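got a sequence here, can you model it:
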Amino acid sequence: MNSDTRHAGSMRRIVHPGPWADQRHQAVPCRVTQRRLVLRGGQTLHAAVVMVLEESGARAAYLELAEAMMASLRYVIPADDESGEHAAWYSATHELAPPALLHRAGLHVGCRDGKPFLHCHGLWEGADGTRAMGHMLPTESVLAEDTEATCLVVEDALLEVIHDAETRFSLFAPRCEGPPSTGTNALLFTLRPNQDLGEAVEALADRYGLTEAQLSGLGSLVGTTFADGSVLNSHATEVLILEGNLKDGKAIIELASVGIDGRHHQGRLAPGHNAVCVTAELILHQCPA
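Numbers count the residues shown, from 1 in each chain. I've put the predicted structure just below:
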């Protein structure tokens, strides 16, 4: 493999195969509005999300789903890349015994090659009681019934999939979309590897003058260390923010994480111990709860 995991102090780090990028984040100030949307059952999650956003005139958004019944649910988890081309990769596809219950999921909606593209992480349970977490395949997972979702509609920024030379992944990156709106109340941003998630959020918030905000999104970490002392010792974990807040400029992040062996855990992050693995795709926003 072209990668290894290194420790520096108390924070693990990962070595990616490509050249180090000097800019360790990409960020776009924007305006976000919160809505409740109904995703229509009987179709893939991808089709349901694209349809409801088109009906509401939105191209970019972050959606949160809870306790949704799925006629089928297919997902992957982190894995090693046997080719050595990447520091981490994806497992073979897993499928839960139907009907599955999606306990919690978050998904970004952006574009790839000019078409809508979704990136979704979540927690779920099969009909046989199997509980799991991972990266859902939205074009292969079908909603069993109409489902209500909380949606942060992004009005003047967009996540677009581009090739990232450092990680050799195709990743979301934010860009401006249309003329700037008045009343900017959010920051859409992505983070590069090997910086503590909470500290990077705090630094960006300070740069853009934010001291109080909510944090939403997903990504990956080099292992995951929780404030209660629990640790997932996997060099790649995929994570979903369950509750994130910026209070007096300090980030308080509760998330769920799954490693290469499929073990998953959730809780509050230990500050200073959690390096981004491949990417983090996040929104700091000041929408009313």
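
what's stretch 193-206 in contact with?
Contacts with stretch 193-206, where a contact means Cβ atoms under 8 Å, 6 or more residues apart in numbering, come from 11, 13-14, 16, 24-25, 27, 166-167, 187, 189, 191, 211, 213, 215, 219, 221-222, 246, 249-251, 253, 269, 271-280, 282, 284. All C-beta atoms are positioned from the backbone trio N, CA, C, and that covers glycine.

now with 6 Å?
M11, R13, R24, L191, L246, A251, I253, P271, G272, N274, A275, V276 (Cβ atoms under 6 Å, 6 or more residues apart in numbering).

per-residue confidence averaged over that stretch?
For stretch 193-206, mean pLDDT rounds to 98.

just use 56 as the starting number from now, easier for me
In the new count, where the first residue is 56, that last one comes out as stretch 248-261.

could I get it in PDB with only the CA atoms?
The C-alpha trace of stretch 248-261 is given here as PDB (Å, rounded to 0.1, in the frame of the first residue of the first chain):
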ATOM      1  CA  PRO A 248      -7.000  15.200   5.700                       C
ATOM      2  CA  ASN A 249      -4.800  15.200   8.900                       C
ATOM      3  CA  GLN A 250      -6.400  18.100  10.800                       C
ATOM      4  CA  ASP A 251      -8.500  17.600  13.900                       C
ATOM      5  CA  LEU A 252     -12.200  17.900  12.900                       C
ATOM      6  CA  GLY A 253     -13.200  20.200  15.800                       C
ATOM      7  CA  GLU A 254     -10.200  22.400  15.700                       C
ATOM      8  CA  ALA A 255     -10.600  22.900  11.900                       C
ATOM      9  CA  VAL A 256     -14.200  23.800  12.400                       C
ATOM     10  CA  GLU A 257     -13.300  26.300  15.100                       C
ATOM     11  CA  ALA A 258     -10.600  27.900  13.000                       C
ATOM     12  CA  LEU A 259     -12.900  28.400  10.000                       C
ATOM     13  CA  ALA A 260     -15.700  29.700  12.200                       C
ATOM     14  CA  ASP A 261     -13.200  32.300  13.600                       C
END
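
any idea which of the contacts of stretch 248-261 is closest to R90?
Closest approach to R90 among the contacts of stretch 248-261 (Cβ to Cβ): L301, at 22.2 Å.

that closest one: which element?
strand 292-302 (DSSP states H and E).

ok so, going back, which one of the contacts of stretch 248-261 has the most neighbours?
In terms of neighbours by other Cβ atoms under 10 Å, those top out with N329 at 28 neighbours.

just want the phi and psi numbers for that one.
phi -130, psi 90 (degrees, to the nearest 10).
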